[in-house]
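In: pasted the sequence and its predicted model underneath.
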Amino acid sequence: MAERPDGRSVVVTGAGSGIGRAAALGFAAQGDRVVLADLNAEGVEAAVQEIERAGGTAVAVTGDLSEQAVVDRVTATAVERFGGVDVLVNNAGIMDRMSALADVSDAEWERVLRVNLTAPFLLTRAVLPHMLAAGRGAIVNTASEAALRGSAAGAAYTASKHGVVGLAKSLAVMYRGRGIRANAICPGGTRTAITVEAEQGAHGPATLGAHFANLGRVSQPEEQAAAILFLASEAASNINGAVLPVDDGWSAV
């Protein structure tokens, strides 16, 4: 993927904290120009300010990425400010309540799927025409250990993250002949701002608790971001449709 002489144009979602923030700072540090998107206005603005203080180039877009209008604003910002979209990192996500399927409410299911799967679909669909016109593009989806097994989260989150992996694989097949690469990372336990509001004593949390003994070391967001930056880089130019666990070997147990 030929890089722009003044740095690539990169969009990172969920960039106000955790893995997304670490990835945005990492891209900016290597000279890329970054659009940071997040629902948390305070967090994403603080990240932009940190990038700018370090001499980087970044802009924030605040809003709910499950809404088409926000997706359109993110895409337009990248195109108008930075000339296109070279890299898209679909990282924003929310956790479910660890609910077993019989206990998942319509609201929990619809919100988790909307944020975790529909939002990446909408944003990817929006940026693809710009990548295809340029003949290049790298897409990295943040999936989860829950995309590899059924014992890492509730039914809604697990289904959404399996979908995120499927989205990356479909993209890889459909567009590999047109200069587009799509891959996914599957983080294990990571220190982020995402919280779990599990119902104490419910079947789902009680059942899943027994499986977390194999979790391994909890990673720092920067360790996950390093995998994202690699998959988006020229060093990974022949890696397409890959699903990379970043989980201290949890998926190997």
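Out: Thanks, I have the structure now.
In: every contact and neighbour count from this point should use C-alpha atoms.
Out: Noted.
In: list the contacts of stretch 149-158.
Out: 95-101, 104, 108-109, 112-113, 116, 145-147, 204-205, 208, 211-212 (C-alpha atoms under 8 Å, 6 or more residues apart in numbering).
In: count the residues that sit near residue 97.
Out: By the criterion of other C-alpha atoms under 10 Å, residue 97 has 23 neighbours.
In: I'd like to know how far it sits from residue 58.
Out: 34 Å (C-alpha to C-alpha, to the nearest Å).
In: so for the strand or helix carrying residue 226, what gets flagged as buried?
Out: For residue 226, the host element (DSSP states H and E) is helix 221-231. For helix 221-231, the buried set under the neighbour-count rule, 16 or more other C-alpha atoms under 10 Å, comprises 221, 222, 223, 224, 225, 226, 227, 228, 229, 231.
In: so the fifth one is in contact with residue 25, correct?
Out: No - with contacts defined as C-alpha atoms under 8 Å, residue 225 does not count as touching residue 25, sitting 9.1 Å away.
In: in this protein, which spans are helices?
Out: Under the criterion DSSP state H, the chain contains helices at 18-29, 41-53, 68-82, 106-113, 119-134, 155-175, 203-209, 221-231.
In: relative to helix 18-29, how tilted is the last one?
Out: Orientation note: helix 221-231 sits at an angle of 50 degrees relative to helix 18-29 (axes from the mean of the first three to the mean of the last three C-alpha atoms, to 10 degrees).
In: what's in contact with helix 221-231?
Out: So helix 221-231 is contacted by 18-20, 22-23, 26-27, 89, 138, 140, 183, 185, 187, 190-192, 236, 239, 246 (C-alpha under 8 Å, 6+ apart).
In: make it 7 Å
Out: The contact list for helix 221-231, computed with C-alpha atoms under 7 Å, 6 or more residues apart in numbering, reads 18, 19, 22, 23, 27, 140, 187, 190, 191, 192, 236, 246.
In: could you dump these into TSV with distance to residue 39 and neighbour count added?
Out: Output for these, formatted as TSV (distance: C-alpha to C-alpha, whole Å; neighbours: other C-alpha atoms under 10 Å):
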residue	distance to residue 39	neighbour count
18	13	21
19	15	29
22	16	21
23	17	29
27	20	28
140	20	27
187	21	27
190	20	19
191	19	13
192	15	13
236	30	14
246	25	21
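In: between the residues you listed, which is closest to residue 8?
Out: Taking C-alpha to C-alpha as the measure, residue 8 sits nearest to residue 27 out of those, at 8.9 Å.
In: list the buried ones in the helix or strand of the chain with the lowest mean pLDDT?
Out: In the chain, the helix or strand scored least confidently by mean pLDDT, DSSP states H and E is helix 203-209, which has a mean of 88. By 16+ other C-alpha under 10 Å, the buried positions in helix 203-209 come out as 204, 205, 206, 208.
In: please name the nearest non-neighbouring residue to the second one.
Out: The one in question is residue 205. Distances taken as C-alpha to C-alpha, 6 or more residues apart in numbering put residue 98 closest to residue 205, at 5.4 Å, once the chain neighbours are dropped.
In: in terms of pLDDT, where does that neighbour sit?
Out: Residue 98 carries a pLDDT value of 93.
In: and it, how many neighbours?
Out: 28.
In: from what I can see it touches residue 198, true?
Out: Yes - applying C-alpha atoms under 7 Å as the test, residue 98 and residue 198 come out as touching, 5.8 Å apart.
In: so what's in contact with these two at the same time?
Out: Counting by C-alpha under 7 Å, 6+ apart, the residues touching both residue 98 and residue 198 are residue 205.
In: and residue 218, how many neighbours?
Out: Count around residue 218 with other C-alpha under 10 Å applied: 13.
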